[in-house]
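K.L.:
got a sequence here, can you model it:
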Amino acid sequence: MTKFDPSQIQWRIPWRPVPQEHDAGTVAELHREMPAGHVLFGRSVQTIGHRQDCDDVLFYLGESAPQFAVVHLTYARETRPEWPETALFDTLDAWINQCMIPDAEDWTS
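P.N.:
Okay, here's the model as predicted:
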């Protein structure tokens, strides 16, 4: 999988980039939580960002759609494939417009 450069995102609070030295630990946590049947099970992912006020993490999935996923990590081993809760986004623009901007507007209001 080609690496994604998080510096191309103009981050808005409450979202912020995840330092690449934390990528392996966050990916390991995601894989620990996911049961077979989860939408991301078996996929390669790269940690890109996270919300500073909750356990939502933005992952890059690769160059073909969906390219991004926001996962609400639970820090527990899940048994149902719908957990951890995951929202998929086909493009970076989709994530920005459907997730980051609304989250930022909620944050400031």
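K.L.:
burial of Thr47, as a residue count?
P.N.:
Residues lying near Thr47 (other Cβ atoms under 10 Å) number 24. To be clear about C-beta, it is placed using only N, CA and C from the backbone, and glycine gets the same treatment.
K.L.:
cool, the one 5 residues further on as well?
P.N.:
A count of nearby residues for Gln52, using other Cβ under 10 Å, gives 11.
K.L.:
do the same with Ala94
P.N.:
Neighbours of Ala94 under the rule other Cβ under 10 Å: 15.
K.L.:
quick check: phi and psi on it?
P.N.:
Note on Ala94: its backbone torsions stand at phi -60, psi -50 [degrees, to the nearest 10].
K.L.:
what's the pLDDT at it?
P.N.:
In the prediction, the pLDDT value recorded for Ala94 is 98.
K.L.:
contacts only, for it.
P.N.:
Contacts for Ala94 (Cβ atoms under 8 Å, 6 or more residues apart in numbering) come out as Phe68.
K.L.:
now it: how far from His50?
P.N.:
18 Å (Cβ to Cβ, to the nearest Å).
K.L.:
same question, Glu63
P.N.:
Glu63 sits 22 Å away from His50, taking Cβ to Cβ as the criterion.
K.L.:
okay, these two: which has more neighbours?
P.N.:
Looking at Glu63 and His50 with other Cβ under 10 Å, you find the greater number of neighbours at His50, namely 22 against 9.
K.L.:
so what does that one look like in phi/psi?
P.N.:
Note on His50: its backbone torsions stand at phi -150, psi 160 [degrees, to the nearest 10].
K.L.:
can you confirm Val57 is in a helix?
P.N.:
No: looking at Val57 with DSSP: H, G, I helix; E, B strand; the rest coil, it is strand, so not inside a helix.
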